[in-house]
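Colleague: Give me coordinates for this.
(one chain, ligands or ions: 1)
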Amino acid sequence: MQQTFDDSICGTQTSRNHQKINRVPFCVLRVPNKMSLTAQRHLTIVIKLGTSSIVDEKTHEPLLSTLSVIAETAAKLQRDGHKVIIVSSGAIGVALRLMNLERRPKHLPQVQALAAIGQCKLMTMWDQLFAHLRQPVAQILLTRNDIADRTQYLNAQNTFHELLHMGVIPIVNENDTLAVSEIKFGDNDTLSAITAGMVSADYLFLMTDVDCLYDKNPRTHPDARAIEVVKDIAELSADVSSSGSSLGTGGMSTKIVAARLATSAGVTTIITKSSKPGNITNIVKYIEARKSLPVPISRAASSSALSGLSADEVSHKAAATALDGVALRDSTAAENDIPRAPLHTRFLPQAQPMRDRYFWLLHGLTPHGTLYIDEGAYKALSEKAGLLPVGVVDVEGHFSQQEAVRLVVVQRVMPTSPRRGPVHSALGGVSGGHAAYEHENPAPREVGRALVNYASSEIKLIQGLRSREIRNVLGYADSEYVCLRENIAFTDVARSTPASPPLDGRRSVDLNGSVELDRGLASLS
Ligand SMILES: N[C@@H](CCC(=O)OP(=O)(O)O)C(=O)O
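Modeller: Numbering: from 1, shown residues only. All right, here's what the predicted structure looks like:
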């Protein structure tokens, strides 16, 4: 994501406060009053359309007017120098009409066959619409399996970048014909968020059948209020009861999951109405224009997001991140010049996006099991180069070396607990004697995902032991760590940002993407 602020001025200004003269840092970003998206930085925009935006829910006829405006909007953005990816559902919906079926079948092979039939037709439709606009498109079909290997993930990423560089609009869908439940993204909301993270998009538009999120169901509560900006998804209290169309798999709750995922990668995520696709440009213009408004640093710096930063850092961050709502609420002349955006819900991106490799570890891989670790081991991971066997409390599932697992923190009931009993109480699985502990202990919580250096059967043997005992127990010791820190991604974004130790994301240039085992066992005594 590029950002240029050649025309900003920063410095200090004098202000009087209770007779005291203060020098207050300020920063004014000079931008033209009337914002044209053409004049702005070049953006990468992912637009996700669900089945209900592609075909009529009852007749399954294609919604040609919506599709045409989407094509026009995407082609115009592309011509203005932006990069556009469309994530298009609808293969199964389109096939229902072709095959004269009334509803989506339940039997998996039938669904997969329909997806194969419909995908062909769906792409033909897109291709024809874009052909009128002389806009080349490309089809990308993905399953989770395709990106589970780091090299393949990087290959997919490279292909996206190359297509965008060539001025082509990639049209993405899940490869339903091959995907069975274990290798499915499950819904295209998630797929679109992973795609947006993969290409470091600026915007993800989740087009749907409502204008925005509401705090209550607006159909049954006339007093429902629109939620326009979401700064922290954890604090969101919205009505997410909409289950989506009868043809698709997503609903409002999958959109929230997708928004969490995309914003963690630094992507501004928008929910808006698919029947008005022209809104995409207006919403982007509005947000970009607001970002470029003068930001008085004194107020910006008082925001929690920016506290502790130098004036210079604040000025850049204030403009680089969606700071609106923090410092830009005042109606200034410049703000009044910005036409209001159509109704939408905007999820603000994390100011410090998760680095790409961690994003892949968290969202690209399917976990094959769980490592239960203690609080001490979790805390120590901020300094240590990995997870030591002594911090592992229990293992669940069957996995091999270098496979992904969930990391779950549990409370160790006794400091030197025997391997099983008490711990199981913390996991909620036991007998009366430990019930009190169960009640008092904090619930086990998933804190991240990791690639393991040892198989599940091996970790079961070495859990709770010192690293120097690994060789005696297993007959070999490839690493003193069960997982290396660089192969652990935390759900807490702050722990998975570029500042986190010790992996350089740029190393992903290494197309092998293979994980180097730590062989520094000299330190083991
Ligand atoms: N991949 C499927 C759609 C899956 C899906 O997530 O659908 P939707 O909830 O309508 O976005 C298809 O093309 O029919």
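Colleague: Okay, and the beta partners of residue 448?
Modeller: Counting by DSSP bridges, residue 448 forms beta bridges with residue 407, residue 490.
Colleague: ok, now which ones touch it?
Modeller: By Cβ atoms under 8 Å, 6 or more residues apart in numbering, the contact list for residue 448 reads 362, 406, 407, 488, 489, 490, 491, 492, 495, 496. The C-beta positions use only the backbone N, C-alpha and C, and glycine is treated the same way.
Colleague: can you check residue 172 too?
Modeller: Applying Cβ under 8 Å, 6+ apart, we find residue 172 in contact with 85, 86, 87, 88, 140, 141, 142, 191, 192, 195.
Colleague: Could you confirm it falls within a strand?
Modeller: Yes. Counting by DSSP: H, G, I helix; E, B strand; the rest coil, residue 172 falls inside a strand.
Colleague: Burial check on residue 158, number of neighbours?
Modeller: When neighbours are counted by other Cβ atoms under 10 Å, residue 158 registers 11.
Colleague: Please give the element, helix or strand, for it.
Modeller: Assigned by DSSP states H and E, residue 158 belongs to helix 150-165.
Colleague: tell me the average confidence for that helix?
Modeller: Helix 150-165 carries an average pLDDT of 95.
Colleague: Could you measure from the residue of the stretch 351-500 of the chain at minimum distance from the ligand over to residue 291?
Modeller: For the stretch 351-500 of the chain and the ligand, the shortest gap (Cβ to the nearest ligand atom) falls at residue 363, measuring 16.0 Å. Per Cβ to Cβ, to the nearest Å, residue 363 is found 26 Å from residue 291.
Colleague: likewise residue 455?
Modeller: 48 Å.
Colleague: do residue 373 as well
Modeller: 40 Å.
Colleague: before we move on, the earlier item: contact partners for the residue of the stretch 351-500 of the chain closest to the ligand?
Modeller: Under the criterion of Cβ under 8 Å, 6+ apart, the contact list for residue 363 reads 193, 194, 197, 261.
Colleague: If we use 7 Å, what do you get?
Modeller: By Cβ atoms under 7 Å, 6 or more residues apart in numbering, the contact set of residue 363 is 194, 197, 261.
Colleague: and it, backbone torsions?
Modeller: Per-residue torsions, residue 363: phi -110, psi -10 (degrees, to the nearest 10).
Colleague: so how far is residue 481 from it?
Modeller: Using Cβ to Cβ, residue 363 is found at 23 Å from residue 481.
Colleague: Let me know the helix or strand that the closest residue to residue 203 other than its chain neighbours is in.
Modeller: Excluding its sequence neighbours, the residue lying closest to residue 203 (Cβ to Cβ, 6 or more residues apart in numbering) is residue 45, at 4.6 Å. Applying DSSP H and E as the criterion places residue 45 in strand 44-49.
Colleague: now for that strand, which elements pack on it?
Modeller: Helices and strands touching strand 44-49, as assessed by 3 or more Cβ pairs under 7 Å, 6 or more residues apart in numbering; DSSP states H and E, comprise helix 64-79, strand 83-88, helix 188-198, strand 203-208.
Colleague: buried stuff in it?
Modeller: Within strand 44-49, the residues that qualify as buried are 44, 45, 46, 47, 48, 49, counting by 16 or more other Cβ atoms under 10 Å.
Colleague: Between all of the residues you listed, which two are at the greatest distance?
Modeller: Taking Cβ to Cβ, the two most distant members of these are 44 and 49; they sit 17.2 Å apart.
Colleague: And this structure, split by domain according to the record?
Modeller: As given by the TED database, the domain ranges for the chain are 44-291, 367-415+436-495.
Colleague: sorry, back to before: could you check the angle helix 188-198 makes with the helix holding residue 158?
Modeller: Here the directions of helix 150-165 and helix 188-198 differ by 80 degrees (axes from the mean of the first three to the mean of the last three Cα atoms, to 10 degrees).
Colleague: Does residue 493 touch residue 350 like I think?
Modeller: Yes. The pair residue 493 and residue 350 passes the contact test of Cβ atoms under 7 Å, sitting 5.1 Å apart.
Colleague: and those two? which has more neighbours close in?
Modeller: Shown here are residue 493 and residue 350; by other Cβ under 10 Å, residue 493 has more neighbours (22 against 18).
Colleague: For the more buried one, give me its contacts.
Modeller: Residue 493 neighbours (Cβ under 7 Å, 6+ apart): 264, 350, 354.
Colleague: And the pLDDT for it?
Modeller: At residue 493, the pLDDT recorded in the model is 75.
Colleague: same thing with the one 4 residues further on?
Modeller: Per-residue confidence at residue 497 stands at 67 (pLDDT).
Colleague: just residue 342 next, same as before
Modeller: pLDDT, read off for residue 342, is 88.
Colleague: List the residues that contact it.
Modeller: With contact set as Cβ under 7 Å, 6+ apart, residue 342 has these partners: 272, 276, 279, 282, 283.
Colleague: since we're on the residue nearest to residue 188 when sequence neighbours are not counted, how many residues are nearby?
Modeller: Take residue 188 and drop its neighbours on the chain: the residue closest to it by Cβ to Cβ, 6+ apart is residue 89, 4.6 Å away. Residues lying near residue 89 (other Cβ under 10 Å) number 30.
Colleague: and the gap between residue 89 and residue 252?
Modeller: Residue 89 sits at a distance of 15 Å from residue 252 (criterion: Cβ to Cβ).
Colleague: Low-confidence stretches in the stretch 51-200 of the chain?
Modeller: Applying pLDDT under 70 to the stretch 51-200 of the chain flags the ranges 182-183.
Colleague: Which residues of it lie near the ligand?
Modeller: The stretch 51-200 of the chain comes close to the ligand at residues 51, 89, 90, 91, 92, 93, 115, 173, 174, 176, 187, 188, as judged by Cβ under 6 Å from any ligand atom.
Colleague: and those as a markdown table, adding distance to residue 470?
Modeller: Below are those laid out as a markdown table (distance: Cβ to Cβ, whole Å):
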| residue | distance to residue 470 |
| --- | --- |
| 51 | 51 |
| 89 | 48 |
| 90 | 52 |
| 91 | 49 |
| 92 | 50 |
| 93 | 54 |
| 115 | 47 |
| 173 | 45 |
| 174 | 41 |
| 176 | 44 |
| 187 | 41 |
| 188 | 44 |
